[in-house]
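Asker: take this sequence and fold it.
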Amino acid sequence: MATARLPSSLEIAQNAELRPIAEIAAGLGLEPEEIEPYGRFKAKIGLDVLDRLDGRADAPLVCVTSITPTRSGEGKTTTAVALTEALGLLGGRPVLCLREPSLGPVFGLKSGAAGGGYAQVVPMEDLNLHFTGDLHAIGAANNLLAAVLEAHLLHGNQLGIDPLSITWRRCLDMNDRALRDVVVALGGRVNGYPRETGFDITAASEVMAIVAVASDLTDLRRRLGAVTIGRTYDGDRVTAEALGAAGSMAVLLKDAVKPNLVQTLEGQPVLVHAGPFANFASGNNSLIADRVALKLGDMVVTESGFGADMGFEKFCHLVARSGGLRPAAVVVVATPRTLDAHGPANLERHLAIVRSFGVEPLVAINKHPDDTVAAAEDAQRVALEAGAEVAEVCDAFERGGAGAVALGEAVLQAAARPSSFRFAYELDDPIETKLAKVAALYGAADVALSPAAKRAAARLRDDGLGELPVCVAKTQLSLSHDTALGPTPDNFTLVIRDLKPFTGAGWVVALAGDMQTMPGLGTDPAALRIDLDADDRTVGLF
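Answerer: Numbering: from 1, shown residues only. I've put the predicted structure just below:
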């Protein structure tokens, strides 16, 4: 007998019966005046809720990360959704927090970032395409600062900004490699000062990073003012505040700073907010969304971008440190295929990274419909042999929350145990020491700073920025900075080519290897398959 075809993720999402967003909000404990509906199935949450719930204790926080992913990912979002649905089936009041998808990857390789199968966030099309407009607002604020800067240079340059020192770039929420390096202000004096610059994808903008770590609107405004755009001819830093642009940037972002409320296919509440690049920024959803969820639910599930060396390390050193958060449990996601390709050593390394922060990780084997039961069970055995205390198969793509109940039970047990959360470095460590301690998590034997990076480190100390945490921008496809070294190299040297201060977000970006801040489309991007059918319904989204 032929096996029935599993509907596509898009078909499942399009045929789902969603609960009105006011109903989701009420079940979460939000007052009617605390939500701003965006249509029937999504809403923004007003930040006043944090004042109302200020005295309420925080719920336990569970982080979902993964081993070194393939280019198509490991299914962290699917697993995070499944875990949330399972916790609901077990009688809890869980809340899921996720980043907002970027249009670039949606139309590039990923073609969707709402989970998969019966473990999805809905409305899936809205989430993947324009949602509530937050990313567009962030791009507008970023580019407003660029426009104010150009006008300042043209109309007298009263601050004495050295045009060759300008580091602020424009951004666009699309993968477009042709914009990585551009020349602006051609066409004569009336168009400004010609110079080389470039575009970043919006997810890599410092404005995105600021939205993700700001604690409220006042803090957002302060951080925008602290952004460094370049230097004067005398070598002094120039900020967005000095240019007079921070106030208007904050006005563009006053709605974008509010977290967005949607739901899973099984009706669990989801806060989707901010989408910072996991390579270049914190790689986690907004701190505001975490803070709201921790007051409203009895357990919060959040997902960090890429592997434990990337999003989870940055969650600990950038997000948790800034917001005073502590993970109660950590789930490391792996698939049978990636475990087979990378070998158990890669999983062992990621488990060690999590343990270095004082938390004992669990492993979730994300079973795709193409994986046999035997393959999933073999992967589970490999995970246990690699040192995982607990490894559970997650079959939620086909079964929804019911396919992750064993994982949910294991997470509840893990979260109830005390942990000894700690950081890998102290803020008063020298920048070089911080980088060495992060590199050690990857398995590096040493760190090498280029001459430009050494000069930048010295200037950071001179500017009084030496106590900022570090954010290593590197490839997600290897524990090193170089994909040619393979996913799990040993005794390599982490090469840092430059250091860039994100003075608004509050960290120093260490550029490792040839990390790009503007991705490009591949030879067969998802954009070639996304379309409208004869009934005007979207097709081609995963």
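Asker: tell me where the longest strand sits in this protein.
Answerer: strand 493-502 (DSSP state E).
Asker: and that one, how far from the chain's centre?
Answerer: 20 Å (Cα atoms, centre = their mean, to the nearest Å).
Asker: buried sites along stretch 394-412?
Answerer: Using 16 or more other Cβ atoms under 10 Å as the test for burial, stretch 394-412 gives 394-397, 399-401, 403-405, 407-408, 410-412. C-betas here are computed from N, CA, C, even on glycine.
Asker: output it as PDB, restricted to C-alpha atoms.
Answerer: Provided in PDB are the C-alpha atoms of stretch 394-412 (Å, rounded to 0.1, in the frame of the first residue of the first chain):
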ATOM      1  CA  CYS A 394      12.200  14.600  17.600                       C
ATOM      2  CA  ASP A 395       9.700  13.500  15.000                       C
ATOM      3  CA  ALA A 396       7.700  16.700  15.000                       C
ATOM      4  CA  PHE A 397       8.000  17.500  11.300                       C
ATOM      5  CA  GLU A 398       5.400  14.700  10.700                       C
ATOM      6  CA  ARG A 399       3.700  14.600  14.100                       C
ATOM      7  CA  GLY A 400       3.800  18.100  15.600                       C
ATOM      8  CA  GLY A 401       4.200  18.500  19.300                       C
ATOM      9  CA  ALA A 402       3.300  14.800  19.900                       C
ATOM     10  CA  GLY A 403       6.600  13.900  18.200                       C
ATOM     11  CA  ALA A 404       8.600  15.900  20.800                       C
ATOM     12  CA  VAL A 405       6.900  14.900  24.000                       C
ATOM     13  CA  ALA A 406      10.000  12.800  25.200                       C
ATOM     14  CA  LEU A 407      12.200  15.900  24.500                       C
ATOM     15  CA  GLY A 408       9.800  18.100  26.400                       C
ATOM     16  CA  GLU A 409       9.900  15.800  29.400                       C
ATOM     17  CA  ALA A 410      13.700  15.700  29.300                       C
ATOM     18  CA  VAL A 411      13.800  19.500  29.100                       C
ATOM     19  CA  LEU A 412      11.500  19.900  32.100                       C
END
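Asker: show me the contacts for the closest residue to residue 266 other than its chain neighbours.
Answerer: Distances taken as Cβ to Cβ, 6 or more residues apart in numbering put residue 85 closest to residue 266, at 4.5 Å, once the chain neighbours are dropped. Applying Cβ atoms under 8 Å, 6 or more residues apart in numbering to residue 85 gives the contacts 119, 264, 265, 266, 268, 396, 400, 401, 404.
Asker: which of these sits closest to residue 156?
Answerer: Residue 156 has its nearest neighbour among these in residue 264, at 54.7 Å by Cβ to Cβ.
Asker: phi, psi of residue 363?
Answerer: phi -120, psi 130 (degrees, to the nearest 10).
Asker: which residues does it form beta bridges with?
Answerer: For residue 363, the beta-bridge partners under DSSP bridges are residue 332, residue 391.
Asker: my guess is it contacts residue 332, does it?
Answerer: Yes. Between residue 363 and residue 332 there is a contact under Cβ atoms under 8 Å: 5.2 Å.
Asker: overlap in contacts of those two?
Answerer: In contact with both residue 363 and residue 332: 347, 351, 388, using Cβ under 8 Å, 6+ apart.
Asker: look at the second one and say how many residues are nearby.
Answerer: Read it as residue 351. Applying other Cβ atoms under 10 Å, we find 24 other residues in the vicinity of residue 351.
Asker: please apply the same query to the one 3 residues further on.
Answerer: When neighbours are counted by other Cβ under 10 Å, residue 354 registers 23.
Asker: ok but it is inside a helix, no?
Answerer: Yes. Under DSSP: H, G, I helix; E, B strand; the rest coil, residue 354 falls within a helix.
Asker: how about the contacts made by it?
Answerer: Applying Cβ under 8 Å, 6+ apart to residue 354 gives the contacts 65, 308, 312, 330, 332, 360, 361.
Asker: need the pLDDT of the closest residue to it other than its chain neighbours.
Answerer: Residue nearest to residue 354 in three dimensions, not counting chain neighbours: residue 361, with 4.0 Å by Cβ to Cβ, 6+ apart. pLDDT for residue 361: 97.
Asker: isn't residue 361 up against residue 334?
Answerer: No. Using Cβ under 8 Å, residue 361 is not in contact with residue 334; the gap is 11.1 Å.
Asker: biggest helix in the protein by residues?
Answerer: helix 134-154 (DSSP state H).
Asker: which element follows it toward the C-terminus?
Answerer: Downstream of helix 134-154, the next assigned helix or strand under DSSP states H and E is strand 170-172.
Asker: stretch 150-169 spans what distance, first to last residue?
Answerer: 11 Å (Cα to Cα, to the nearest Å).
Asker: about what we covered before: quick one: buried residues of the longest helix of the chain?
Answerer: The neighbour-count check on helix 134-154 (16+ other Cβ under 10 Å) flags 134-146, 148-150, 152-153 as buried.
Asker: and it, what does it pack onto?
Answerer: strand 170-172, helix 206-213, strand 228-231, helix 240-243, helix 246-252 (3 or more Cβ pairs under 8 Å, 6 or more residues apart in numbering; DSSP states H and E).
Asker: which one, of those, ends up nearest to residue 81?
Answerer: So among those, helix 206-213 is nearest, using Cβ to Cβ, at 20.3 Å.
Asker: angle of the closest one against helix 134-154?
Answerer: Our comparison of helix 206-213 with helix 134-154, counting by axes from the mean of the first three to the mean of the last three Cα atoms, to 10 degrees, yields an angle of 130 degrees.
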